[in-house]
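> Fold the stuff below for me.
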Amino acid sequence: MTWNGRIVRDPEWLTTEGDLILVEGEPLVASKKVYLMCNKPRGLVTTADDNKGRPTVFQCLEGLGLPHVGPVGRLDMASEGLLLFTNDTRWASALLDPARRVPKTYHVHIDGIIDQETISRMMQGVVDEGERLQAISVQLLRAGQRNCWIEIVLQEGKNREIRRMLKIFGLEVLRLIRVRIGALPLGDLEKGAVRTLTEAEVEGLRVA
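Prediction:
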């Protein structure tokens, strides 16, 4: 490889935008930046290759002719809803930076009826296995006789945070759907479908 006319053999050599990089005499061109949203179905793991042979979210991208992209964060296998993909690692890292506290909104179907005391305690924060878990917003959406739907907004999104919080109060998650990241809604995107983000949506998440 040559970098700005200089032979470089270090695979971790730091480059910047505008550098001329040649591999076997041919210029190395960066892939076009791609930003996608997917309505992840339940039952898929958020990884490119699962060592247990389980189906992955990359099945939703098959046949689209995309460059290499990766998921921005995760949804566990039993969860569904809004999942982002990109090959822009800086954009993805900024979205996942805990210091930026980008809100993520979930609609959760639970086996039981939540009360105001539980809502207050979830917003005050609870401790599970030495880790503090906290929602910035919890509200009841609708309730039946034995179960209900609630909306939960998180800013950090620790591993299985919602399920762990609700389990502390004896509440089981029946269904968990991420419906919004920052100001970007899942909208009416069909289950398993993928679409490209608009420039406005990309920039909106960049400054979220």
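> switch to C-alpha atoms for all contacts and neighbour counts from now on
Will do.
> how does this structure divide into domains?
1-30, 35-98+187-206, 103-181 (automatic domain parsing).
> burial of residue 6, as a residue count?
If you count neighbours by other C-alpha atoms under 10 Å, residue 6 ends up with 11.
> so what pLDDT did it get?
The per-residue pLDDT reported for residue 6 equals 71.
> in the chain, which spans are helices?
Here the chain has its helices, by DSSP state H, at 89-96, 116-124, 161-168, 199-206.
> quick one: low-confidence parts of this protein?
Counting by pLDDT under 70, the chain shows low-confidence ranges at 1, 3, 10-22, 24-31, 208.
> Could you single out the most deeply buried of the helices of the chain?
helix 161-168 (a mean of 18; mean count of other C-alpha atoms under 10 Å).
> Which strands or helices does that one pack on?
Counting contacts by 3 or more C-alpha pairs under 8 Å, 6 or more residues apart in numbering; DSSP states H and E, helix 161-168 is packed against strand 126-128, strand 172-181.
> Let's check: the centremost residue of this structure is which one?
By C-alpha atoms, centre = their mean, the chain has its centre lying nearest to residue 73, at 3.7 Å.
> Okay, it and residue 89: tell me how far apart.
Using C-alpha to C-alpha, to the nearest Å, we find residue 73 at a distance of 12 Å from residue 89.
> quick one on the thing from earlier: the helices of the chain into TSV, with extra columns for distance to residue 53?
Shown next, in TSV, are these (distance: least, C-alpha to C-alpha, whole Å):
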stretch	distance to residue 53
helix 89-96	26
helix 116-124	36
helix 161-168	24
helix 199-206	33
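> and of those helices, who's closest to residue 62?
Comparing these by their distance to residue 62 (C-alpha to C-alpha), the top pick is helix 89-96, with 21.2 Å.
> by contact count, what packs against that closest one?
strand 70-72, helix 199-206.
> Span of stretch 6-23 from start to end?
Using C-alpha to C-alpha, one end of stretch 6-23 lies 12 Å from the other.
> Same check on stretch 79-91?
24 Å.
> roughly how far is it from the heart of the chain?
5 Å (C-alpha atoms, centre = their mean, to the nearest Å).
> just how off-centre is stretch 128-146 within its chain?
19 Å.
> that older thread, now distance to residue 128 too, for the helices and strands packed on helix 89-96, in CSV please.
Output for the helices and strands packed on helix 89-96, formatted as CSV (distance: least, C-alpha to C-alpha, whole Å):
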stretch, distance to residue 128
strand 70-72, 25
helix 199-206, 30
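> Out of the ones you listed, flag the one nearest residue 114.
Per C-alpha to C-alpha, nearest to residue 114 of the helices and strands packed on helix 89-96: strand 70-72, 30.7 Å.
> by contact count, what packs against the closest one?
With contacts taken as 3+ C-alpha pairs under 8 Å, 6+ apart, strand 70-72 sits against strand 80-86, helix 89-96.
> rerun at 10 Å
Where contact means 3 or more C-alpha pairs under 10 Å, 6 or more residues apart in numbering; DSSP states H and E, strand 70-72 is packed against strand 35-40, strand 80-86, helix 89-96.
> Output these in CSV; the columns should cover distance to residue 189.
Formatted as CSV, the helices and strands packed on strand 70-72 follow (distance: least, C-alpha to C-alpha, whole Å):
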stretch, distance to residue 189
strand 35-40, 6
strand 80-86, 9
helix 89-96, 21
